[in-house]
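Peer 1: Pasting the sequence and the predicted model now:
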Number of protein chains: 2
Amino acid sequence: MTFKKTAFTKTTSAGYLANHMARLFGHGLHRRIQPLGLAPAQFMTLLELWGEDGLTQKQLVERLDVEQATMANTLRRMERDGLITRCPHPDDGRAHQTWLTPTARNLREAATAAAQAQNDHALSDLSEDERGVLLDLMRRVVRTMKDSEDG
Amino acid sequence: MTFKKTAFTKTTSAGYLANHMARLFGHGLHRRIQPLGLAPAQFMTLLELWGEDGLTQKQLVERLDVEQATMANTLRRMERDGLITRCPHPDDGRAHQTWLTPTARNLREAATAAAQAQNDHALSDLSEDERGVLLDLMRRVVRTMKDSEDG
DNA sequence: GGCACTTGCATAGCGCGCTATTCTTCTGTT
DNA sequence: AACAGAAGAATAGCGCGCTATGCAAGTGCC
């Protein structure tokens, strides 16, 4: 006796839902931080630099888990927009240190508040417990995929 | 007496995790379907057309919840790659119907198997119950954000 | 019938992810 | 000291999101 395979449908596909959810998150965040002159990837990068200024591109790449070329382009836009300045690394002639401008430093509160508002809104239909569960499950899914990246 | 606000950190931000998870999903899917000559957005579009052929661009836009311009570009690439053909709609001179080529029709099994494999892998650390919970929570988050889009 | 409005689609331009390539600057081995 | 390989970064080129426009074909109202 054989079983009919469940059809592959977008509403039961974790990948499809993840993509859809991330697009909606991104769109909402974009709407909220655009008035501050920020784009989503710039905000993510600032999040690291607010925590520790003067990082190299390599360090940012590792912390945000994006490709080097992606970060290079994001940093170029951020430099263009007056959010960062870059200067040669004192110990390594190949590397550059990334420093926040006063403008970028001053955006911290408003930008994190905007991001928090977006998260709160998105999760507003979930109980406190459910939010914890969702974060935990997402972290585990991320870890699973990351662990298998090149192994 | 005041409470110290919990700092905004990427590991506790649903939006950040959603973005990271979606990127990993997308990358994994891309790797698996690239040998078939497909890109992720093309696969999503095919998923609809495999279910019902001859849809208009407008219908695809509604079903996949992307902007019209995004779909227009995706369809252009799919036509270029020989996955679809388009012909004028019989009842509406503005619209076009989107028809699968035999090539695209034949890709259904292999492509859905690849997507299923990616999902299974990503969720391999989760119990059956947990997978259900994750899907349910993601659907509710999606719904919350979608409901507030222009209200 | 004619004119305003709407609607389906295409295009331009941008952000941001990716791979692949190239350049420069270390670093380690001999 | 020299040279091979590794490592940091920039660039080209593409997929795929988005907004903003523009155009042609339907629709409705007078």
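Peer 2: Cool, the structure landed.
Peer 1: what ranges of chain A fall below the confidence cut-off?
Peer 2: Of all residues in chain A, those with pLDDT under 70 make up the ranges A:1-5, A:150-151.
Peer 1: Now with 80, please.
Peer 2: Judged by pLDDT under 80, chain A has its weakly predicted residues at A:1-6, A:150-151.
Peer 1: Output the set of residues of it in proximity to DNA strand D.
Peer 2: Taking C-beta under 7 Å from any atom of the strand as the criterion, the neighbours of DNA strand D within chain A are A:19, A:23, A:27, A:56-58, A:61, A:68-69, A:72-73, A:75-76, A:86, A:89, A:92, A:94-96. C-betas here are computed from N, CA, C, even on glycine.
Peer 1: quick check, A:Arg86 in a helix?
Peer 2: No - assignment of A:Arg86 by DSSP: H, G, I helix; E, B strand; the rest coil gives strand, placing it outside any helix.
Peer 1: Pretty sure it sits against A:His96.
Peer 2: Yes - contact between A:Arg86 and A:His96 holds when scored by C-beta atoms under 8 Å: they sit 4.4 Å apart.
Peer 1: Which residue ranges of chain A form helices?
Peer 2: Using DSSP state H, the helices found in chain A span residues A:14-33, A:40-51, A:57-64, A:68-80, A:102-106, A:108-122, A:128-147.
Peer 1: Can you tell me which of these is most buried?
Peer 2: Each of those was given a mean neighbour count from mean count of other C-beta atoms under 10 Å in any protein chain shown, and the largest, a mean of 22, is that of helix A:14-33.
Peer 1: Now do that one against helix B:57-64, angle only.
Peer 2: Using axes from the mean of the first three to the mean of the last three C-alpha atoms, to 10 degrees, the interaxial angle of helix A:14-33 with respect to helix B:57-64 works out to 100 degrees.
Peer 1: now for helix A:14-33, which elements pack on it?
Peer 2: In terms of contacts (3 or more C-beta pairs under 8 Å, 6 or more residues apart in numbering or on different chains; DSSP states H and E), helix A:14-33 is packed against helix A:40-51, helix A:108-122, helix B:14-33, helix B:40-51, helix B:108-122, helix B:128-147.
Peer 1: In contact with the residue sitting nearest the centre point of chain A, which residues are there?
Peer 2: For chain A, the residue nearest the mean C-alpha position is A:Met44 (4.5 Å; C-alpha atoms, centre = their mean). Applying C-beta atoms under 8 Å, 6 or more residues apart in numbering or on different chains, we find A:Met44 in contact with A:64, B:10, B:16, B:19.
Peer 1: you'd agree the last one is up against A:Arg23?
Peer 2: No - between B:Asn19 and A:Arg23 there is no contact under C-beta under 8 Å: 9.4 Å.
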